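**Q** dropping the sequence and predicted coords here.
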Amino acid sequence: QVQLVDSGGGLVQAGGSLRLSCATSGRTFTTYMMGWFRQAPGKAREFVAYISRLGLVTHYADSVKGRFTIARDNGKNTMYLQMNSLKPEDTAVYYCSAQSFESGMNYWGKGTLVTVSA
């Protein structure tokens, strides 16, 4: 089992940047495919970005392509989401997610709030 601690959220003006982090503990980090999801008030949780176990493959939601960058440091057991050119519609609670390559089990962080003011 893996424990996820997401952090780095805050209040930022439109056009600004934030970097989210997801620190993990427990099983070997490289056995997990990782991703970021977000949930805005009154809306369903949605996919933001994905990164493969070795960081060679990434995918992004169309709404964040070209603005957000997902990365992982397997030596530090940590995943990141660099968010640039933030928009008010990016306001949400951001959750990191890990899926085990071995078992298929999914794990979630508790979330970190990102608020983008106009």
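**A** Yep, it's here. In this text, all values refer to a predicted model and were calculated from it rather than measured experimentally.
**Q** from here on, contacts and neighbour counts on C-alpha atoms
**A** Will do.
**Q** need the contact list for the residue nearest to residue 97 when sequence neighbours are not counted.
**A** Excluding its sequence neighbours, the residue lying closest to residue 97 (C-alpha to C-alpha, 6 or more residues apart in numbering) is residue 108, at 4.7 Å. When contacts are counted by C-alpha atoms under 8 Å, 6 or more residues apart in numbering, residue 108 is found next to 3, 4, 95, 96, 97, 98.
**Q** distance of the first one relative to residue 54?
**A** Okay, so that is residue 3. Using C-alpha to C-alpha, to the nearest Å, we find residue 3 at a distance of 19 Å from residue 54.
**Q** restricted to strands, list the contacts of residue 108.
**A** When those are checked against strands using DSSP state E, the ones located there are 3, 4, 95, 96, 97, 98.
**Q** now those residues in CSV, with pLDDT and neighbour count?
**A** Supplementary listing: the ones in strands among the contacts of residue 108 in CSV, determined by pLDDT from 0 to 100; neighbours: other C-alpha atoms under 10 Å:
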residue, pLDDT, neighbour count
3, 93, 15
4, 96, 22
95, 98, 26
96, 98, 30
97, 98, 23
98, 96, 26
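**Q** just give me the closest of the residues you listed to residue 113.
**A** Residue 113 has its nearest neighbour among the ones in strands among the contacts of residue 108 in residue 95, at 8.9 Å by C-alpha to C-alpha.
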